[in-house]
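In: 3D, please:
(2 chains)
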2 protein chains.
Amino acid sequence: MINIAMLGYGVVGSGVAELILRNKYKFKRKLNEELVLSKILVRNIEKHADNRNYRLLTENIDDIFKEKVDIIVEAMGGLDPSYEYVKRALNMKKHVITANKDLIAEYGYELLKLARENGVTIHFEASVGGGIPLLKPINECLVGNQIKSIKSILNGTANFILSKMNHDKMSYENALKLAQKLGFAESNPEADVKGYDAARKLSILSTIAYNRRVNWKDIKVKGIDGIDSDDFRYAKLKKCSIKLLGISRAFEESVYASVMPVMVRENSLLGNIEDEYNGILVEGDAVGDVMFMGKGAGMFPTASAIFGDIADVIEHKSEEPVIFGKERARVNGNWGLKSKWFMRIKTVNRVKIIESLSMNFKKCYILSNDFSENRYEVVAFVISDNEDTLDNYIEKVKDEKYAGSIKKILVLDKE
Amino acid sequence: MINIAMLGYGVVGSGVAELILRNKYKFKRKLNEELVLSKILVRNIEKHADNRNYRLLTENIDDIFKEKVDIIVEAMGGLDPSYEYVKRALNMKKHVITANKDLIAEYGYELLKLARENGVTIHFEASVGGGIPLLKPINECLVGNQIKSIKSILNGTANFILSKMNHDKMSYENALKLAQKLGFAESNPEADVKGYDAARKLSILSTIAYNRRVNWKDIKVKGIDGIDSDDFRYAKLKKCSIKLLGISRAFEESVYASVMPVMVRENSLLGNIEDEYNGILVEGDAVGDVMFMGKGAGMFPTASAIFGDIADVIEHKSEEPVIFGKERARVNGNWGLKSKWFMRIKTVNRVKIIESLSMNFKKCYILSNDFSENRYEVVAFVISDNEDTLDNYIEKVKDEKYAGSIKKILVLDKE
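Out: I've put the predicted structure just below:
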């Protein structure tokens, strides 16, 4: 008998309980072991009075450790008290499985180390890309590769909002409201729409891919809350859509990593990831481009990944799933490649701005007044050698009294 | 020291040799083991006189087994003599890694059994989808799921040809010639364009996914050699492209499995897999749709998958990678779902055919003469309850003296 205790019994926890039940005998023939959910920690036991697992519930963390337990599934989310409970579990030599990207992004290195010291493992496949097989394939199947770059849609809420803005011509506000109504966005959507959630996931992914610790706080983050329907209209001119991309790239001395809205070709692989789906494009030196796509959140997709981790613990008990490198990466958030950028510059003097754009960028496509529909704005696509050059230009223009706010969006229309 | 011997030193073998060299010390820190390529079997040693690995070459299979060897990589392809050599290796308790889909599709069950009896493993991640992590993610990450269906582009050559026909308006013949010129197609392209290669891969994939042996000879196969530029023109009317899809679906009593050209939406996930890329859409009951995409062939992509298997053998020596179920599946090749079909019926009497189409199908969209550009052909999209009903109709019409050849293509334009 393999005893699994669970911390938390919300959406994800319920999915895990169901999958454990469905797969109770999955390993019996091979390992002669039966999976049993032995105990579940909840905040308020009375809220679950009618639940079929009521007899397993407890409000007391000590109960979790009292009985024989082999694996602890952490499905509470957040840092407090998850962090303390997970540490305690590892110190008691229990294998831990978690979907908690906040926890791993913040304490991954420490917890993996603690697990190793205690001869157990901590698995977190579900923390990035939900149900999509991702960390294990990168870590094991692509082990012969140097991973060169990652381009990813890691937040289903943001992607849902952007999809609705693009295809249903919804405003940002209405798309967000719809996402909240359908349960894709929380009442406080900040972590999703401002890109912090994607940054945490990108940090975990990049840490594994490049074998250097990419701290999520070092990642440059720009959310989607500044994107409006005009941006989509302009993107369409270049057959592009707008996606919140987590991008990282390994260099010898540093790692580039950022989360920001990017214009991508509508019929590209990432441009076709719609609604609440996630998509992760990984570039290896041997394999080339490999793409993983699926649901990045939700009850059963997340439970599917957690169950994969349970199987992993059962079948390879002594092993580490992944290692977080000791070395903390130097992270650079400024795009270093020569690229196209979309720009909108508010101004009371269009002529001056147009003049300065064409003087500063060799290649520069300025939309006519008819297109921009706003006589106090210049809309342009420019080619810049890198982001620093562009930022220098923006700083310079901002100083002019005829210029107002300036928006820039990277355009990746060749891939 | 971990000694790896290799059978075959063509494109794939050279890639593997290079990756072993690049990753020589990959496991040294952890396992204190160094990877060494100890011996390579070639057909004609003199052809490799200038090769840096010349001293490792032999033409004699006995030499492979004479020295201490832990892992044997089979990179010869074909069945003869691979089959005998792999059996011999397993009987001598050597782990085997192969990219050989012919071998696994034909003898997978027997070889896996033989490996188990000898306490070793046979890995074959590279046999399906080339470098794309696929068999392991399905088998391990999605273990908590019942896999319901697979829709896949498994042959890069056929996909390359179809992409060129669609986007560059090439004829089938010219696209095939280009594929041969670029090295994507062999001088005898039959296995690729007729769908046999995809059928073998689909059989391996389905066998693992449904835990029932899907024999590749039981899979209904239709190639792309009957597709012409008019088909693409008509597909465009429905915003579709044409892809050679390997489709399978698990039912309680049987498995549906077929390889055939299918019209899919151009901006769908599979519709966007272009050129020599492969894409595999797996539907699990918990995870929903998950997609894997990447290069399905080539030197380094294939070597990447083989190296992942090498790492697997090194890190989990005692385990079976996958199991082929004992039970041989009852395979049905006729599409059972209500679907749209594209039809072209040669005829000397358009009126009669149009009449019979509209009498036999409740929903039926017949292209006007202007569109079809051929007064001796009726082109239509019909909705049929299933493929059997459609086939019955086709049989009936074929008996009429005014009807000639009839072509049908499944249309999946809703996904």
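
In: mind listing the strands for the stretch 1-150 of chain A?
Out: Assigned by DSSP state E, counting those that start in this stretch, the stretch 1-150 of chain A shows strands spanning A:2-7, A:35-41, A:57-58, A:71-74, A:95-98, A:122-123, A:147-153.

In: got those as CSV, with mean pLDDT and mean neighbour count columns?
Out: Just so you know, the C-beta spots here come from the backbone N, C-alpha and C atoms, and that holds for glycine as well. Listed next are the strands of the stretch 1-150 of chain A as CSV, based on pLDDT from 0 to 100; neighbours: other C-beta atoms under 10 Å in any protein chain shown:
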stretch, mean pLDDT, mean neighbour count
strand A:2-7, 96, 23
strand A:35-41, 96, 22
strand A:57-58, 97, 18
strand A:71-74, 98, 26
strand A:95-98, 97, 27
strand A:122-123, 96, 28
strand A:147-153, 98, 23
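
In: can you redo the ones you listed as a markdown table with distance to residue B:127?
Out: Shown next, in a markdown table, are the strands of the stretch 1-150 of chain A (distance: least, C-beta to C-beta, whole Å):
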| stretch | distance to residue B:127 |
| --- | --- |
| strand A:2-7 | 32 |
| strand A:35-41 | 31 |
| strand A:57-58 | 47 |
| strand A:71-74 | 33 |
| strand A:95-98 | 31 |
| strand A:122-123 | 28 |
| strand A:147-153 | 23 |
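
In: tell me, how many neighbours does residue A:42 end up with?
Out: When neighbours are defined as other C-beta atoms under 10 Å in any protein chain shown, residue A:42 has 22 of them.

In: that older thread, distance to chain B for the strands of the stretch 1-150 of chain A - can I get that in JSON lines?
Out: Converted to JSON lines, the strands of the stretch 1-150 of chain A look like this (distance: least, C-beta to the nearest C-beta, whole Å):
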{"stretch": "strand A:2-7", "distance to chain B": "13"}
{"stretch": "strand A:35-41", "distance to chain B": "10"}
{"stretch": "strand A:57-58", "distance to chain B": "23"}
{"stretch": "strand A:71-74", "distance to chain B": "12"}
{"stretch": "strand A:95-98", "distance to chain B": "12"}
{"stretch": "strand A:122-123", "distance to chain B": "11"}
{"stretch": "strand A:147-153", "distance to chain B": "11"}
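
In: Which of the helices or strands spans residue A:304?
Out: In this assignment (DSSP states H and E), residue A:304 forms part of helix A:299-315.

In: per-residue confidence averaged over that helix?
Out: Computed over helix A:299-315, the mean pLDDT rounds to 95.

In: could you dump that helix to CSV, C-alpha only?
Out: Taking Å, rounded to 0.1, in the frame of the first residue of the first chain, the C-alpha atoms of helix A:299-315 are listed here in CSV:
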residue,chain,number,x,y,z
MET,A,299,-8.7,20.7,-12.2
PHE,A,300,-7.9,17.6,-14.3
PRO,A,301,-5.0,18.9,-16.4
THR,A,302,-3.1,19.9,-13.2
ALA,A,303,-4.1,16.6,-11.5
SER,A,304,-2.8,14.7,-14.6
ALA,A,305,0.7,16.2,-14.1
ILE,A,306,0.6,15.6,-10.4
PHE,A,307,-0.4,12.0,-11.0
GLY,A,308,2.5,11.6,-13.4
ASP,A,309,4.8,12.8,-10.5
ILE,A,310,3.1,10.3,-8.2
ALA,A,311,4.0,7.5,-10.6
ASP,A,312,7.5,8.8,-10.9
VAL,A,313,8.0,8.7,-7.1
ILE,A,314,6.6,5.2,-7.0
GLU,A,315,8.7,3.8,-9.8
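
In: Check which element follows it along the chain.
Out: Counting by DSSP H and E, what follows helix A:299-315 is strand A:331-332.

In: outside of that next one, which residues touch it?
Out: Identification of contacts with strand A:331-332 by C-beta atoms under 8 Å, 6 or more residues apart in numbering or on different chains yields A:214-215, A:218-219, A:251, A:254-257.

In: buried ones in the following helix or strand past it?
Out: Sequence-wise, the next helix or strand downstream of strand A:331-332 (DSSP H and E) is strand A:339-347. Under the neighbour-count criterion of 16 or more other C-beta atoms under 10 Å in any protein chain shown, strand A:339-347 has A:339-345, A:347 buried.

In: The residue of the stretch 301-415 of chain A found nearest chain B - how many residues pack around it?
Out: Using C-beta to the nearest C-beta, the closest approach of the stretch 301-415 of chain A to chain B is made by residue A:307 at 3.0 Å. Residues lying near residue A:307 (other C-beta under 10 Å) number 32.

In: Check the secondary structure at residue A:405 for me.
Out: Judged by DSSP: H, G, I helix; E, B strand; the rest coil, the three-state class of residue A:405 is strand.

In: from memory it sits against residue A:343, does it?
Out: No: the pair residue A:405 and residue A:343 fails to qualify as a contact (C-beta atoms under 8 Å) at a distance of 11.2 Å.

In: still on that earlier bit, can you tell me, leaving aside adjacent residues, what's nearest to the residue of the stretch 301-415 of chain A closest to chain B?
Out: Nearest residue to residue A:307, sequence neighbours excluded (C-beta to C-beta, 6 or more residues apart in numbering or on different chains): residue B:144, at 3.0 Å.

In: tell me the contacts of that neighbour?
Out: A:19, A:22-23, A:26, A:303-304, A:306-308, A:310-311, B:286.

In: Let's have these in JSON lines, adding distance to residue B:264.
Out: As requested, the contacts of residue B:144 are exported to JSON lines (distance: C-beta to C-beta, whole Å):
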{"residue": "A:19", "distance to residue B:264": "31"}
{"residue": "A:22", "distance to residue B:264": "32"}
{"residue": "A:23", "distance to residue B:264": "33"}
{"residue": "A:26", "distance to residue B:264": "34"}
{"residue": "A:303", "distance to residue B:264": "30"}
{"residue": "A:304", "distance to residue B:264": "25"}
{"residue": "A:306", "distance to residue B:264": "32"}
{"residue": "A:307", "distance to residue B:264": "31"}
{"residue": "A:308", "distance to residue B:264": "29"}
{"residue": "A:310", "distance to residue B:264": "35"}
{"residue": "A:311", "distance to residue B:264": "33"}
{"residue": "B:286", "distance to residue B:264": "25"}
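
In: so how many other residues sit close to the closest residue to residue A:254 other than its chain neighbours?
Out: For residue A:254, ignoring the flanking residues on the chain, the nearest one in space by C-beta to C-beta, 6+ apart is residue A:330 at 4.2 Å. When neighbours are defined as other C-beta under 10 Å, residue A:330 has 12 of them.

In: Sounds good, over and out.
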